[in-house]
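Engineer: Coordinates for the following, if possible.
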Amino acid sequence: MQKWQRNYILSIQTSGSNWIDITLPFTMNFRISRNTNASANTARISILNLSKDTRLKIYKDKYTFDIYKGIELRAGYGDSKETLPIIFKGNIKQAYSQRNGVDYQTDIECYDGGFAFLNGYTSKSFAAGTSDRQILYSLVKDLPAIDMGVIGNFEGSLPRGNAMEGATTDLIKSVSKSNFFIDNEKAYCLQDEECYRGNITEISSASGLMGSPLREETMLTFEMMFEPRLQIGQHIHLTSQTESLFNGNYKVIGVEHNGAISDATSGRCVTKVTLYYGTKALKIL
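Structural biologist: Residues are numbered from 1 along each chain as shown. A predicted model of the protein is given here:
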């Protein structure tokens with residue numbers, strides 16, 4: 001994949017089924033953090049010099065917890081929507097605009113799955129013998145504004161009938177032993193050694209690897225040129241020319257995108273990747 005001609009499409013829900021799209025020539029700065037932690041992923045997006053009408057449509061007060069206002073950011077390389085992967089999908093926590101010198105800057109703070117963490121509630125009974133995997137499928141369906149991702153091989157089952165009531169995310173964490181995360185509004189329950197096939201299979205200098213990977217306990221981190229195709233929980237093969245001892249198969253457990261996409265400036269745009277290196281062989285589901 002040639003990494004030039006950065007582009008984006010930012011889609012924002014204004015009311016009901018109404019959405020607006022923002023793209024170049026408006027300058028966008030963004031910082032996105034996605035990982036396998038059992039908490040909501042986050043994004044902070046800034047757009048310069050939108051019209052007054054658009055700024056008013058985007059505005060959201062941070063105290064309106066019960067109002068879902070969707071946001072989807074596609075970014076990457078090229079000029080067609082099909083070449084721009086979704087790098088963040090979630091709901092807006094707050095959005096506001098202010099004057100910054102000669103520019104009007106619109107700041108948008110977002111959570112991926114934040115609405116589900118705050119508003120998901122379950123009250124269900126399960127019969128004796130119901131498998132943990134079946135329970136997880138059922139619980140995920142109670143998460144508002146969340147689709148099904150990948151559920152791994154959870155082999156336990158209920159020895160007797162059981163009633164479950166409470167915050168849905170808390171119940172999922174309990175059944176999965178915290179092997180739960182939401183990414184781009186899809187719920188995943190994967191054990192440490194479980195992963196799935198993604199849209200990119202290898203990271204190397206040819207795909208934008210920068211510098212040498214750093215090993216810390218069971219994690220490997222490095223920076224690379226902006227790589228929008230990476231997905232949390234996917235399998236990846238790493239090939240490093242400078243640290244060949246780290247070459248091998250890993251699970252992606254963290255992605256941070258940071259930079260700017262603009263026609264006016266050529267700002268830096270990078271992806272920090274965190275991989276899991278465990279003691280067991282990876283299982284690709």
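Engineer: I'd like the distance between residue 234 and residue 266.
Structural biologist: To residue 266, residue 234 is 30 Å away according to C-beta to C-beta, to the nearest Å. (Glycine included, C-beta is placed from N, CA and C.)
Engineer: Looking only at neighbour counts, state which of these two leads.
Structural biologist: More neighbours surround residue 234 than the other of residue 234 and residue 266, with 22 against 9 (other C-beta atoms under 10 Å).
Engineer: pretty sure residue 27 is in contact with residue 264, am I right?
Structural biologist: Yes. With contact defined as C-beta atoms under 8 Å, residue 27 reaches residue 264; the gap is 5.8 Å.
Engineer: Just want to know which of these two has more residues nearby.
Structural biologist: Neighbour count, other C-beta under 10 Å: between residue 27 and residue 264, residue 27 has more, with 18 against 11.
Engineer: could you list every residue that touches the more buried one?
Structural biologist: Residues in contact with residue 27 (C-beta atoms under 8 Å, 6 or more residues apart in numbering) are 47, 48, 49, 260, 261, 262, 263, 264, 265.
Engineer: and it, how far is that from residue 18?
Structural biologist: Counting by C-beta to C-beta, the gap from residue 27 to residue 18 is 25 Å.
Engineer: any idea which helix or strand comes after the helix or strand that contains residue 170?
Structural biologist: Using DSSP states H and E, residue 170 maps to helix 168-176. With elements assigned by DSSP H and E, the helix or strand that comes after helix 168-176 is strand 180-183.
Engineer: and residue 198, what helix or strand is that in?
Structural biologist: Going by DSSP H and E, residue 198 is part of strand 194-203.
Engineer: helices or strands next to that strand in the packing?
Structural biologist: Counting contacts by 3 or more C-beta pairs under 8 Å, 6 or more residues apart in numbering; DSSP states H and E, strand 194-203 packs against strand 234-238, strand 248-261, strand 283-284.
Engineer: got the residue ranges for the strands in the stretch 101-250 of the chain?
Structural biologist: Taking DSSP state E, counting those that start in this stretch as the criterion, the stretch 101-250 of the chain carries its strands at 103-112, 121-126, 147-151, 162-167, 180-183, 186-189, 194-203, 209-216, 219-225, 234-238, 248-261.
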